[in-house]
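Undergrad: Dropping the sequence and predicted coords here.
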Amino acid sequence: MASNKRRRAKRGSGGTAMTLKREGTLSQLVLESIQDSIRSGEFRPGEALPSERELAERYGVGKSSIREAVKMLQILGVVETSQGRGTYLRRASGPSLLNRLLPGLARAGGDDEELCEFRLFFDLAYIRLAAARATDEHRTRAREAFDGLSRTRRESPSEAAGYDMEFHRAMLEATGNVFIVEAGLTIAELCRPRADAEGGPYRDEAVESLGRILEMFCSGDTEGLEDEVVRALGSPARGSKEQRRRKGKTDEDQED
């Protein structure tokens, strides 16, 4: 049996054999190979990717590895999947430099507290910028998405997840900065499976805080934003904030 470090494909496009030689899991190798095909122009924006079966045969891996690789491409904003069209390349997949950096971020280890600390710093910066630049369209989109999230969070968590992503996308796009948009969407996806075990991403306290964040975004007044973001992210973020508070107190004591 071929190892994870070296796996020979049965067929490439047009029957050409392919060999994956780089280090990493099979899904990571497939991800990198698909990205190579995108960069070379073999897979073009707006066009559908080969089917799951065709990709599995092309790279000589199981369908589960293909699904994991495609999911990562979705997280990175490179592809979209829709019923009837299949999986296709987005026409605008973000700055090329950022797309080279984000796969490493998406595969990075680290515990919940580290991830939440990263997201806390990121959210505080981008939401303040978004609130200053938002248009009526951005505010309307964010309100509609939040209403949908509030309506579906108990009975249909999967549907609520779509509204949740649209809520964040509306605020991210209000910044007018494509780097912030692509990074923010990736961070949101990374945080989703690590949601607070106290009640998941849509527990009452989190949704109430999202509502207050929405009002700050729409009004442009972001005073108290950190407290609301911490409540929305849950206990790992609280630990991160407490660590920073203690460190600040220690630094003050040392100065005295």
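TA: Structure received. Small disclaimer: the values here were computed from a predicted structure and weren't measured. Residues are numbered from 1 along each chain as shown.
Undergrad: I'd like the average pLDDT over the helix or strand harbouring Leu29.
TA: According to DSSP states H and E, Leu29 maps onto helix 26-40. Within the predicted structure, the mean pLDDT of helix 26-40 is 81.
Undergrad: Buried residues in that helix, which are they?
TA: By neighbour count, with 16 or more other CB atoms under 10 Å as the criterion, the buried positions of helix 26-40 are 26-31, 33-35, 37-38. (Each C-beta comes from the backbone N, C-alpha and C, glycine too.)
Undergrad: biggest separation within the residues you listed, which pair?
TA: Comparing every pair within these by CB to CB identifies Leu26 and Ile38 as the most remote, at 18.7 Å.
Undergrad: would you list every one of the helices in this protein?
TA: Under the criterion DSSP state H, helices of the chain are mapped to 26-40, 52-59, 63-75, 96-107, 112-133, 136-152, 157-174, 178-191, 204-219, 225-233, 235-255.
Undergrad: Show me what the longest one is in contact with.
TA: Same thing as helix 112-133. Contacts to helix 112-133, defined as CB atoms under 8 Å, 6 or more residues apart in numbering, come from residues 138, 171-172, 174-177, 180, 183-184, 187, 190-191, 194, 213, 216-222, 225-226, 229-230, 233-234, 236-237, 239-241.
Undergrad: That one to helix 178-191, inter-axis angle?
TA: 140 degrees (axes from the mean of the first three to the mean of the last three CA atoms, to 10 degrees).
Undergrad: Alpha carbons of helix 112-133, as PDB, please.
TA: Extracted as PDB, the C-alpha positions of helix 112-133 are listed here (Å, rounded to 0.1, in the frame of the first residue of the first chain):
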ATOM      1  CA  ASP A 112      -8.900  26.700  21.200                       C
ATOM      2  CA  GLU A 113      -7.500  29.500  23.300                       C
ATOM      3  CA  GLU A 114      -4.800  30.400  20.700                       C
ATOM      4  CA  LEU A 115      -7.300  30.400  17.900                       C
ATOM      5  CA  CYS A 116      -9.700  32.500  19.900                       C
ATOM      6  CA  GLU A 117      -7.000  35.000  20.800                       C
ATOM      7  CA  PHE A 118      -6.100  35.300  17.100                       C
ATOM      8  CA  ARG A 119      -9.800  35.800  16.200                       C
ATOM      9  CA  LEU A 120     -10.300  38.300  19.000                       C
ATOM     10  CA  PHE A 121      -7.500  40.600  17.800                       C
ATOM     11  CA  PHE A 122      -8.700  40.200  14.200                       C
ATOM     12  CA  ASP A 123     -12.400  40.800  14.900                       C
ATOM     13  CA  LEU A 124     -11.800  43.900  17.000                       C
ATOM     14  CA  ALA A 125      -9.700  45.500  14.200                       C
ATOM     15  CA  TYR A 126     -11.900  44.600  11.200                       C
ATOM     16  CA  ILE A 127     -15.300  45.400  12.900                       C
ATOM     17  CA  ARG A 128     -14.100  48.900  13.900                       C
ATOM     18  CA  LEU A 129     -13.000  49.500  10.300                       C
ATOM     19  CA  ALA A 130     -16.200  48.000   8.900                       C
ATOM     20  CA  ALA A 131     -18.400  50.100  11.100                       C
ATOM     21  CA  ALA A 132     -16.600  53.300   9.900                       C
ATOM     22  CA  ARG A 133     -17.000  52.300   6.200                       C
END
